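Trainee: generate a structure from the sequence data that follows.
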Amino acid sequence: MGYRFLDLISSAFVAVLLISNVAALKVFVFGPLVLDGGALIFPLSYIFGDLLTEVYGYSVSRRVIWQGLFWLLIFNLVMCACISLPAEPDWERTVGQKAFVTVLGLSPRLALAGWLGFFWGEFCNSYVLAKLKVATGGRYLPLRTIGSTIVGQLVDTGLFCVVAFGGVLTQATLLNYIVTGYFFKVGVEALMTPVTLWAVAFLKRREGVDAYDRETNFNPFATRS
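Mentor: Next up, the predicted model:
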């Protein structure tokens, strides 16, 4: 069955992931808090993930998560290829290879951290939301979206920060980074709950679908629902 808004949500999901991947390279302080630029937009990926799972079902969400991972991999490979190509002399004088590498030279360690955090965090979020929907008979949507985000963001933020910056940042700074990023992202989800509720109701009404994952195969690597 074709859906009117699924492509739009899927593309927005992937776009947020790619933007976050670059923005996360900037780690900044806001008063006593340590955050990265990805925190400014990455929470939206969990809202899109909630829409995909709540409306279309876990199997659709799984497919979109794999699409996001695929394009994240392609993005990193293209950046690595661009860095390895010889610089044109005029470009080197005006922009410079060093500046390009500084901004877009994602290390293998940071790439791995991003892949692991995104992959397992998003799947945990979708799994918890789908299971809670069946268990509650589709009720208590605000509690389900926030609850799934609490689990998914804990896995995502913890994996990314530890893999990316463990042994690089001091333990105190790393702990600040993890705790601040985690509560900030969960807080954004909570604040956006009215928008999420409206979007879910709109999509269910316009798409004519309200999936329940009662017989779903929840294996992230499964090729069939």
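
Trainee: what's the weakest-modelled helix or strand in this structure?
Mentor: Considering only helices and strands, the least confidently modelled element of the chain by mean pLDDT, DSSP states H and E is strand 33-36, at a mean of 78.

Trainee: what's the helix or strand following that one in contact with?
Mentor: Beyond strand 33-36 on the C-terminal side, the first helix or strand identified by DSSP states H and E is helix 43-51. The contact list for helix 43-51 (Cβ atoms under 8 Å, 6 or more residues apart in numbering) reads 9, 12-13, 16-17, 20, 61, 65, 68, 118, 122, 125-126, 129, 145, 148-149, 152-153, 184-185, 188-189, 192, 195-196, 199-200, 203. For every residue, glycine as well, the C-beta is placed using N, CA and C.

Trainee: could I get the buried residue list for stretch 24-37?
Mentor: Using 16 or more other Cβ atoms under 10 Å as the test for burial, stretch 24-37 gives 24-25, 27, 34-37.

Trainee: that stretch: end-to-end distance?
Mentor: Start and end residues of stretch 24-37 are separated by 5 Å (Cα to Cα, to the nearest Å).

Trainee: circling back to that earlier point, relative to the least confident helix or strand of the chain, what are the paired strands and their orientations?
Mentor: Applying DSSP bridges, strand 33-36 is found paired with strand 27-30 (antiparallel).

Trainee: what lies in contact with the partner strand?
Mentor: By Cβ under 8 Å, 6+ apart, strand 27-30 touches 34-37, 177.

Trainee: can we see that at 6 Å?
Mentor: The list of residues contacting strand 27-30 from outside it, by Cβ atoms under 6 Å, 6 or more residues apart in numbering, reads D36.

Trainee: what separates that strand from the chain centre, distance-wise?
Mentor: Averaged C-alpha coordinates place strand 27-30 at 20 Å from its chain's average position (Cα atoms, centre = their mean, to the nearest Å).

Trainee: swap in stretch 184-199?
Mentor: Here the centre of mass of C-alpha atoms in stretch 184-199, compared against the chain's by Cα atoms, centre = their mean, lies 15 Å away.

Trainee: could you do stretch 52-62 as well?
Mentor: Relative to its parent chain, stretch 52-62 has a centroid offset of 15 Å by Cα atoms, centre = their mean.

Trainee: now the end-to-end length of it.
Mentor: Looking at stretch 52-62, the gap from its leading to its trailing residue is 9 Å under the measure Cα to Cα.

Trainee: and for that stretch, what are the contacting residues?
Mentor: Counting by Cβ under 6 Å, 6+ apart, the neighbours of stretch 52-62 from elsewhere in the structure are 64, 126, 129-130, 200, 203-204, 211, 213, 216, 225.

Trainee: and for stretch 207-218?
Mentor: Counting by Cβ under 6 Å, 6+ apart, stretch 207-218 makes contact with 3, 56-58, 127, 130, 134, 204, 225, all of which sit outside it.

Trainee: equivalent analysis for stretch 124-140, please.
Mentor: 46, 49, 53, 58, 61, 144, 148, 151-152, 155, 212-214, 218.

Trainee: tell me the centre residue of this protein?
Mentor: S45 (4.6 Å; Cα atoms, centre = their mean).
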